[in-house]
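Peer 1: missing the sequence, but the structure's below:
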């Protein structure tokens, strides 16, 4: 991984993704070292070429200035989405140090952080998150326990067993981690037996809730699949997306055919019930399907679960 260095103009920015709304976000990188074949963040304009990652060494100083400025007129944000377009724990020591410094700046100012990772949280960062556990929401994304799947579809991420160990450490630290089973990809990781193995591993750790998301297709993601996915699977996967099959009508977002998507969700929910896991569909990424909001979303921050009612006070 080639590390490029740049300067950021703003520390906190306002999110514009439909699932995030007008919420403060902090990104320590441009691009993501995970290199997942299905990742839409790789398609953003200005994202470094494959094999490169842009980091912002000036970000901690910039954040400190923005948050502590005597000229600041707006109240501090009650929480931020941390690394919404990347992963704070993938990419090597430079990324890890930047993430640790920024997390410490935010948490010491009683600003909550929400983050999702496919990586491994270093001990010193875990200790930091644990000290501020009331203001931390963390999710681990894991869609398969098969190492072969990870090497092919998520080549820069932590191995499944490492992520299961991370969940165990987060549970031991009383950080109440979420599990995001995402994305399920037709003909790749949506088989009943692999899903049973995944759900069994999660249940063995004591996980009782998880969020589910299906593959979401964008033009850039389709191009990535055409370049990087196994050739024999490309036509099968793309054939599951109705709009993509109509020449000249490629939507900004395309989703699985509704009947296929609903059938897949219901099957996975039945499997989850067999293992004592309540599985909710992430409505943000799966519009049109019956679902809910993950606890990392702004709406959840204003109405958190009863057990975490003091997590993020209203602005």
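Peer 2: Okay, I see it. This one's a predicted model, so the numbers in the text were calculated from it and none came from an experiment. Residues are numbered from 1 along each chain as shown.
Peer 1: which helices and strands does whatever helix or strand residue 268 lives in pack with?
Peer 2: For residue 268, the enclosing helix or strand under DSSP states H and E is helix 258-274. In terms of contacts (3 or more C-beta pairs under 8 Å, 6 or more residues apart in numbering; DSSP states H and E), helix 258-274 is packed against strand 178-184, helix 192-205, strand 209-214, strand 278-281. Placement of C-beta: from N, CA and C, glycine included.
Peer 1: need these in a markdown table (columns: mean pLDDT, mean neighbour count and distance to residue 89).
Peer 2: Shown next, in a markdown table, are the helices and strands packed on helix 258-274 (pLDDT from 0 to 100; neighbours: other C-beta atoms under 10 Å; distance: least, C-beta to C-beta, whole Å):
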| stretch | mean pLDDT | mean neighbour count | distance to residue 89 |
| --- | --- | --- | --- |
| strand 178-184 | 95 | 23 | 15 |
| helix 192-205 | 97 | 17 | 19 |
| strand 209-214 | 94 | 22 | 19 |
| strand 278-281 | 92 | 17 | 25 |
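Peer 1: which stretches of this protein form helices?
Peer 2: 59-68, 93-108, 123-131, 147-153, 160-172, 192-205, 219-228, 231-238, 258-274, 298-302 (DSSP state H).
Peer 1: ok, what's across the strand from the closest residue to residue 181 other than its chain neighbours?
Peer 2: Sequence neighbours aside, residue 212 is the residue nearest to residue 181 in space, at 5.0 Å (criterion: C-beta to C-beta, 6 or more residues apart in numbering). Applying DSSP bridges to residue 212 gives these bridge partners: residue 181, residue 281.
Peer 1: what's the distance between residue 212 and residue 64?
Peer 2: In this view, residue 212 and residue 64 are 38 Å apart by C-beta to C-beta, to the nearest Å.
Peer 1: please apply the same query to residue 23.
Peer 2: Counting by C-beta to C-beta - residue 23 and residue 64 are separated by 21 Å.
Peer 1: so which of the two has more stuff around it?
Peer 2: Taking other C-beta atoms under 10 Å, residue 23 and residue 64 do not tie; residue 23 has more neighbours (22 against 15).
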